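> Quick one, structure for this:
(one chain, ligands or ions: 1)
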Amino acid sequence: MDLLEKISEELQNGNFIDVPKMTQEALDRGLSPAVILSDALVAGMDVVGEKFRREELFLPEVLIAAKAMQAAMAVLRPRLIATGAKAAGTIVIGTIQGDLHDIGKNLVGMLFEGAGYQVIDLGVDVAPARFVEAARTHKSDFVGLSAMLTTTMPRMREVIESLAEAGMRDRLKVMVGGAPVTEQFARDIGADGYAPDAASAVEKARTLKS
Ligand code: B1M
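Okay, here's the model as predicted:
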C-alpha cells in the first residue's frame, strides 16, 4: 500500500497521532501538499462520509476522523500558505448559522491566505448579523459562506438579504460553497459566485474582482 493510501486508511480509522506524522513524511518525500490533501485526506474523509451515510460509522467515529484531518491540515498549512504575498483583498468567511462543519471552510480560508488575501474567519454557526458587522468593520471585498447541511443552506440567502438591507450589497461579492451547494442554488439566492472546492474558490474570487 502506498503512503497516500495508508494516510487515507488511518484517517478513516481516526488515528490522529499517526496521520499528521505520515503527512509530514509525505511532504518530506517530496509529495505536493495539494496531492496529499486531495488523494489522501479528502479521499479518506469522503469514505468516512459515505460510511456515515450508510450507518456503518457513527458520530463519534466521524468526529475522531475529523480530528485526524484537522491535525494533518495543521501540518500542511504552512506549505499551503505562500509567504510574503501582498494583500490581494479581504474576505470575511464563516460557516452559516446552525452548521458546525468547519474543515472545508478552513481549507478555503487557508488557500485564500495562500493567494495573498487577508482572511477574517468568523468560525462556525455564524449569524447573518455577524457577517454584516465583520464585512463593515473590515471593509471586506468578499463575504464567503460555507454550508454543509441541506437544512442550513437557506441561511445563505438570509446573509445576502442582510447585506442588502445594510446597503452593502453593491460594494462586495458574496461567494458560497459547501457539499450540498450548487451553482444553480447560488444563482437562485443571488450570490455572485459559487465554487465546488477550495482551489476553484480562489480562482472564482480572482475572476469576480478582475
Ligand atoms: Co456531518 N454531515 N453532520 N459532521 N459530515 C455531512 C455533511 C453529511 C453529508 C454526512 C452524510 O450523511 N453522508 C451529512 C449532511 C446531509 C445533508 O444535509 N445533506 C451530515 C450530517 C447529517 C451531520 C449531522 C446532522 C449528524 C447528526 O448530528 N446526526 C451533524 C450536524 C451538526 C451541525 O453542523 N449542526 C454533523 C456533525 C458532524 C461532525 C461534527 C461529526 C463532523 C464535523 C467536524 C468539523 O467540521 N470540525 C462531521 C463531518 C466530518 C462530516 C463529513 C463526514 C465530512 C465533511 C468534511 O469535512 N469534508 C460529511 C460527509 C461528506 O461531506 N463527505 C458530513 C471534507 C472537506 C474538505 O470537504 O467540507 O465539502 P467539504 O469542503 C469542500 C467543498 O465543499 C468546498 O471546498 C472545500 C474544500 O475543497 N467548500 C467551499 C466548502 N465551503 C466552501 C465555501 C466556498 C467555496 C467552496 O466559498 C465561500
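> Go through the longest strand anywhere in the chain and flag the buried ones.
Identified as the longest strand of the chain according to DSSP state E is strand 89-95. Within strand 89-95, the residues that count as buried by 16 or more other CB atoms under 10 Å are 89, 90, 91, 92, 93, 94, 95. In this view, the C-beta of every residue, glycine as well, is placed from N, C-alpha and C.
> Which parts of the chain are helices?
3-12, 18-28, 33-35, 43-53, 59-80, 103-114, 128-137, 154-165, 183-188, 198-209 (DSSP state H).
> Kindly report the residues of this protein close to the ligand.
With CB under 6 Å from any ligand atom as the criterion, the chain meets the ligand at residues 42, 45-46, 48-49, 52-53, 59, 62-63, 66, 98-105, 107-108, 144-146, 148-150, 175-180, 195, 197-198, 201.
> Buried ones from those, can you make that a PyMOL selection?
To isolate the buried members of those in PyMOL, using 16+ other CB under 10 Å:
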select buried, resi 42+45+48+62+66+99+101+102+103+104+105+107+108+144+145+146+148+149+175+176+177+178+195+198+201
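> Now the longest strand of the chain: average pLDDT?
The average pLDDT within strand 89-95 is 96.
> what packs against it?
If contacts are counted by 3 or more CB pairs under 8 Å, 6 or more residues apart in numbering; DSSP states H and E, strand 89-95 sits against helix 103-114, strand 117-121, helix 128-137, strand 142-146, helix 198-209.
> If we use 7 Å, what do you get?
Judged by 3 or more CB pairs under 7 Å, 6 or more residues apart in numbering; DSSP states H and E, strand 89-95 is in contact with helix 103-114, strand 117-121, helix 128-137, strand 142-146.
> Please identify the deepest-packed of the ones you listed.
Across these, averaging neighbours per residue (mean count of other CB atoms under 10 Å) puts strand 142-146 on top, at a mean of 28.
> And the most centrally placed residue in the chain, what's its pLDDT?
Most central in the chain under CA atoms, centre = their mean is residue 105, positioned 2.2 Å from the mean C-alpha point. At residue 105, the model reports a pLDDT of 94.
> Which residue, other than its chain neighbours, is closest to it?
residue 146 (3.9 Å; CB to CB, 6 or more residues apart in numbering).
> partners of the one you found in the sheet?
On the basis of DSSP bridges, residue 146 is bridged to residue 95, residue 177.
> and it, what pLDDT?
So residue 146 comes in at 98 (pLDDT).
> Over to residue 45?
pLDDT at residue 45 comes out at 85.
> Please apply the same query to residue 84.
45.
> quick one on the thing from earlier: might one say that the residue nearest to residue 105 is in contact with residue 177?
Yes - taking contacts as CB atoms under 7 Å, residue 146 lies within contact range of residue 177: 5.9 Å.
> so what sits against both of the two?
residue 108 (CB atoms under 7 Å, 6 or more residues apart in numbering).
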